[in-house]
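Colleague: Quick one: sequence and predicted model below, then my questions.
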Amino acid sequence: MAIALTKGVRTSLLLALWSLKDLQTLTWNDRGTAMTLGYWGVGDVLGQSLSGVQPDQMECKTHSEIKEIF
């Protein structure tokens with residue numbers, strides 16, 4: 001199932017693998033400062049099981065779509 005996202009929408013990576021387009025992944029340090037983990041594009045696959053980072057979040061950089069693949 002594909003999920004449409006608009007620019008600026010943030011969501012958790014959850015326990016799934018995602019196929020995506022134009023997303024940024026974020027985490028926070030002990031002081032609550034956001035830190036960018038990376039920028040991802042077409043053909044990339046994201047998932048908490050791949051990053052091993054908690055907390056984590058993905059933010060849509062453009063109108064985009066993500067699709068759960070696992």
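Modeller: Looks like it came in fine. Numbering: from 1, shown residues only.
Colleague: So for R31, what's the pLDDT?
Modeller: pLDDT recorded at R31 is 93.
Colleague: sec struct for it, please.
Modeller: The three-state assignment at R31 reads coil, by DSSP: H, G, I helix; E, B strand; the rest coil.
Colleague: For beta bridges, what are the partners of R10?
Modeller: Residues in a beta bridge with R10, per DSSP bridges, are E59.
Colleague: Give me the pLDDT value at it.
Modeller: On the pLDDT scale, R10 gets 78.
Colleague: Let me see the contact set for it.
Modeller: 26, 57-60 (CB atoms under 8 Å, 6 or more residues apart in numbering). In this view, the C-beta of every residue, glycine as well, is placed from N, C-alpha and C.
Colleague: ok, the residue nearest the centre of the chain - contacts?
Modeller: Of all residues in the chain, the one closest to the mean position by CA atoms, centre = their mean is M58, 2.7 Å from it. Shown in contact with M58 (CB under 8 Å, 6+ apart): 10-13, 18, 20, 23-26, 40, 46, 66.
Colleague: what's the answer for H63, then?
Modeller: Counting by CB under 8 Å, 6+ apart, H63 has contacts 4-7.
Colleague: ok so, going back, spatially nearest residue to the residue nearest to the centre of the chain, not counting backbone neighbours?
Modeller: For M58, ignoring the flanking residues on the chain, the nearest one in space by CB to CB, 6 or more residues apart in numbering is L23 at 4.8 Å.
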